[in-house]
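J.: Turn this into a model:
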Amino acid sequence: MVFLFIVVAIVAWVVFAYNRLVSLRNQVDNSWRQIDVQLKRRHDLIPNLIEAVKGYMQFERDTLTQVVEARAKAVSAPDQASRMAAETQITTGLGKLMAVMENYPQLKADENVLKLQEELTTTENQIAFARQAYNDVVLALNTRIQIFPTNLIASNFGFKAAEYFKGAPEEQAVPKVDLSMTTPRA
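T.: Coordinates of the predicted model:
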């Protein structure tokens, strides 16, 4: 009787552990789809923004070309890893584009450009929130796959660790703040 109870308890634990791993894997997939929705929205905004600013920014063709090429790579990426790399390039390119746009006062007065810039900023914030939620679920899945004894279930049923969505290296750099009082006061 005790032996039967132990066997039932082990089987129940295996079923629970397996179902928890499946649930976490599905949450990772769902979180990636949420990022995908926001990335699609960003991809749709980029051509409109490029079209709106290219007349003003004739001398910034390299920046515009970088953004357009990165978008094309992201749209046609064959797998998630190459898509993440392309999305990082888009983020970098859009950051440069927004910084360069500050040099063109005509763009600051164009309502269409301002509206697109606002939509793009909102989308970037939503991507950041979705990326954070994705990485949280990846952490939960990867932890569950690596801890004992769940790692036995994960390895026997083919569960693999998910990859984190990493930001661009420029996003991870610590900004330099100069608090020195070297500027003379009038």
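
J.: Three-state assignment for the spatially most central residue of the chain, please.
T.: Centroid-nearest residue in the chain, with CA atoms, centre = their mean: Arg131, separated by 4.5 Å. The assignment at Arg131 comes out as helix when based on DSSP: H, G, I helix; E, B strand; the rest coil.

J.: Distance of it relative to Trp32?
T.: Between Arg131 and Trp32 the computed distance is 10 Å (CB to CB, to the nearest Å). Every C-beta, even on glycine, is put in place using the N, C-alpha and C of the backbone.

J.: Please enumerate the shared neighbours of the two.
T.: Listed as contacting both Arg131 and Trp32 by CB atoms under 8 Å, 6 or more residues apart in numbering is no residue at all.

J.: can you tell me which residues contact Leu120?
T.: Going by CB under 8 Å, 6+ apart, the list of residues near Leu120 reads 42, 45, 49, 94.

J.: So which of the residues you listed is the closest to Ala74?
T.: Minimum distance to Ala74 across the contacts of Leu120 is 9.0 Å, recorded for Arg42 (CB to CB).

J.: That closest one contacts Thr121, doesn't it?
T.: No. Using CB atoms under 8 Å, Arg42 is not in contact with Thr121, being 10.8 Å away.

J.: For the host helix or strand of Pro47, what is the distance to the chain centroid?
T.: Remark: Pro47 resides in helix 2-53, with elements defined by DSSP states H and E. The offset between the C-alpha centroid of helix 2-53 and the centroid of the whole chain comes to 15 Å, using CA atoms, centre = their mean, to the nearest Å.

J.: which helices and strands sit right next to the very next helix or strand once past it?
T.: If you walk from helix 2-53 toward the C-terminus, the next helix or strand you reach (DSSP H and E) is helix 61-75. Here helix 61-75 touches helix 2-53, helix 80-101, going by 3 or more CB pairs under 8 Å, 6 or more residues apart in numbering; DSSP states H and E.

J.: which of Arg42 and Thr121 has more neighbours?
T.: In this view Arg42 and Thr121 are compared by other CB atoms under 10 Å, and Arg42 has more residues nearby, 21 against 12.
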